[in-house]
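*Asks:* For reference, the sequence and a predicted model appear below.
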Amino acid sequence: MEENPQRNPLSKLTVPSLVISRAITALPTLVTGLLLIDIGNTFNTSVGISGQIRTASSALSVIFALSMGFISIRYKHKTLLTTGLLIYTLSAVTCGLAPNFTIMLGVYALSGLGMALVVPMVTTLIGELLPVEKRTSVLGYTVAAMASFYVGGSLLTSYIAGLAGWRWVFMGLVFPVSALSLILAMKAIPSKESKSTGSGASDIKAGFKEMLSNRSAVSCVIGTALGVSAWNFYLIYGASFWRQRYQVSRSFISVAMILTALGYISGSLLTGRFVKIIGRKRLVVLTALFLGLVTLVGTYPSTFWFSYGFGIIASICAGTMITGYSSLTLEQIPRYRGTMMSASSAATGLGQLICASFGGFLLLQYGYNALGVGLGIAGVLAAFIFHLFSVDPLLTKDS
């Protein structure tokens, strides 16, 4: 049965703080996606090799997110969230100062550790602090805010990089925004214990046992990993693909990314309405399927505008899919939300890892067309997994 969320009055800044905390996780991805060629030029590495900084980050995210299932039961969720924001702040500074590619690889990986802390704790706190009827909308706000950061961040990234180089993007953009989000979270988010009934080893084991014995919960985790891997084609390699295949400039791509970000925002904000019409599960299935299909064919057009059009469609689908599966996953095991959302965060990191490592291999060996096909198939598989195995626990309420 759904437990009642905390009914104490919340600060007016609580929801904005949660939204911004989630949104800042987009900044390192944005910077490396837009400036991957520039970073490679600095360290004399190819796009495929430079993209492996994302592999290291995603691998650390997966490893630590799995341990978060244990940690989230034992420690306050606000403490874990603010720790993650602090790590993002430190990672930004060290990336800007990295003297060689090896050190860049290591310090950028810290952002994966930060993501493993921030993403599941934001979602868990939304589930604990807000009533059920508001959760999907607020989750949509967090996803939309990430895209909003892409809109402003892509323009600022291009401007700062052109003016002072890519290092100052980390120092002058990622660092101050991360620091401000940390301060806001410390002031605005209430501190409360985990909803679990204890903190002993038996409770930790019970959380994982219940999750692993729930076919729907497991399918949400697997589907998330595959869906994220398809979407990350655009986040990790999209800008480099357009710049190299169609010979368009960095500044042009930074402006073009505004429309893709607006598509992502639109999809995420409309998710609450779509859920009321067709339900969470059906919405996730349809958007994952379309995302997979447009990714599969998106590298083949001979002109930039056709490929870019597919990218906008993919962005709309991704914004809706991510909000939808976050909401679907959040309600799977209410008693162990921290464990469930930590597993979902690990799946997100795994999806990024699949895209960065397997995608990097496809790019190095066979080119962008093979990369798009491989990750597009992953998106289609995600749709089938959600369709065949997932269950919406709130179906009778929402449809």
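*Replies:* Everything's here; your move. For clarity, every value in this text was computed on a predicted model and none was experimentally measured.

*Asks:* What distance do you get for the residue lying closest to H77 once chain neighbours are set aside to L80?
*Replies:* Among residues not flanking H77 along the chain, M121 sits closest, at 4.9 Å (CB to CB, 6 or more residues apart in numbering). The way it works is simple: take the backbone N, C-alpha and C, and place the C-beta from them, glycine included. As judged by CB to CB, to the nearest Å, M121 and L80 stand 5 Å apart.

*Asks:* of those two, who's got more company?
*Replies:* M121 (33 against 23; other CB atoms under 10 Å).

*Asks:* The more buried one contacts K76, doesn't it?
*Replies:* No: M121 is beyond contact range of K76, at 9.5 Å (criterion: CB atoms under 8 Å).

*Asks:* Show me where this structure dips below the pLDDT cut-off.
*Replies:* Residue ranges of the chain with pLDDT under 70: 1-9, 47-48, 51, 68-70, 72-73, 192-204, 396-399.

*Asks:* Isn't A346 up against S58?
*Replies:* No: taking contacts as CB under 8 Å, A346 lies outside contact range of S58: 10.2 Å.

*Asks:* So for those two, which residue has more residues nearby?
*Replies:* Each of A346 and S58 has its neighbours counted (other CB under 10 Å); S58 has more, 29 against 25.

*Asks:* contacting residues for the residue nearest the centre of the chain?
*Replies:* Nearest to the geometric centre of the chain sits T348, at 6.4 Å (CA atoms, centre = their mean). Applying CB atoms under 8 Å, 6 or more residues apart in numbering, one finds that T348 lies in contact with S61, A65, M115, V119, T224, A225, V228.

*Asks:* picking that back up, now do the residue nearest to H77 against S345, distance only.
*Replies:* M121 sits 9 Å away from S345 when distances are taken as CB to CB.

*Asks:* in the protein, which spans are strands?
*Replies:* For the chain, no strands are identified by DSSP state E.

*Asks:* Looking at it, which helix is longest?
*Replies:* helix 132-164 (DSSP state H).

*Asks:* other SSEs contacting that one?
*Replies:* helix 14-23, helix 26-43, helix 101-129, helix 167-169, helix 250-278, helix 304-330 (3 or more CB pairs under 8 Å, 6 or more residues apart in numbering; DSSP states H and E).

*Asks:* Please repeat the previous calculation with a cut-off of 6 Å.
*Replies:* helix 14-23, helix 26-43, helix 167-169, helix 250-278, helix 304-330 (3 or more CB pairs under 6 Å, 6 or more residues apart in numbering; DSSP states H and E).

*Asks:* Enumerate every residue touching the nearest residue to G172 once chain neighbours are set aside.
*Replies:* Nearest non-adjacent residue to G172, counting by CB to CB, 6+ apart: I160, 5.6 Å away. I160 makes contacts with W168, V169, G172, as judged by CB atoms under 6 Å, 6 or more residues apart in numbering.

*Asks:* By neighbours, which of these wins?
*Replies:* Among the contacts of I160, V169 has the most neighbours (other CB under 10 Å), with 29 neighbours.

*Asks:* What separation is there between that residue and S50?
*Replies:* Applying CB to CB to V169 and S50 gives a distance of 15 Å.

*Asks:* so how far is M115 from the residue nearest to H77?
*Replies:* On the measure of CB to CB, M121 and M115 end up 11 Å apart.

*Asks:* Count the residues that sit near L66.
*Replies:* Residues contacting L66 under the criterion other CB under 10 Å number 17.

*Asks:* Sorry, wrong one. I was asking about V132.
*Replies:* The tally of other residues near V132 (other CB under 10 Å) stands at 17.

*Asks:* I'd like to know how far it sits from G279.
*Replies:* 15 Å.

*Asks:* again, but for A288
*Replies:* Taking CB to CB, one finds A288 at 14 Å from G279.

*Asks:* Also F64?
*Replies:* Using CB to CB, one gets 33 Å for the distance from F64 to G279.

*Asks:* Look at the two and report which has more neighbours.
*Replies:* More neighbours surround F64 than the other of F64 and G279, with 21 against 18 (other CB under 10 Å).

*Asks:* Now do the contacts for that one.
*Replies:* So F64 contacts L113, A116 (CB under 6 Å, 6+ apart).

*Asks:* Over to I189?
*Replies:* So I189 contacts T14, S17, K78 (CB under 6 Å, 6+ apart).

*Asks:* Highest neighbour count among these?
*Replies:* Compared across the contacts of I189, S17 has the highest neighbour count, 22 neighbours, by other CB under 10 Å.

*Asks:* Distance of that one relative to V151?
*Replies:* According to CB to CB, S17 stands 20 Å off from V151.

*Asks:* Repeat that for M321.
*Replies:* For M321, the distance to V151 (CB to CB) stands at 20 Å.

*Asks:* ditto for R280
*Replies:* R280 is 27 Å from V151, by CB to CB.

*Asks:* Neighbour count: these two, which is higher?
*Replies:* R280 (30 against 18).

*Asks:* Contacts only, for that one.
*Replies:* Contacts of R280 were listed using CB under 6 Å, 6+ apart, and they are G324, S327, L328, D392.

*Asks:* Could you dump those residues into CSV with distance to S91 and neighbour count added?
*Replies:* Listed next are the contacts of R280 as CSV, based on distance: CB to CB, whole Å; neighbours: other CB atoms under 10 Å:
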residue, distance to S91, neighbour count
G324, 29, 32
S327, 29, 28
L328, 30, 29
D392, 36, 21
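
*Asks:* Now tabulate the residues you listed in CSV and tack on distance to L182.
*Replies:* Shown next, in CSV, are these (distance: CB to CB, whole Å):
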residue, distance to L182
G324, 29
S327, 26
L328, 29
D392, 35
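
*Asks:* Tell me the one of those nearest F386?
*Replies:* Lowest distance from F386 to these (CB to CB) belongs to L328, with 8.0 Å.

*Asks:* and the closest one, what does it touch?
*Replies:* The contact partners of L328, taken as CB under 6 Å, 6+ apart, are R280.

*Asks:* L117: what's it in contact with?
*Replies:* For L117, the contact set (CB under 6 Å, 6+ apart) comprises L80, T83, G84.

*Asks:* right, I mislabeled it, should have said A347
*Replies:* Contact analysis of A347 by CB under 6 Å, 6+ apart lists V221, T224, A225.
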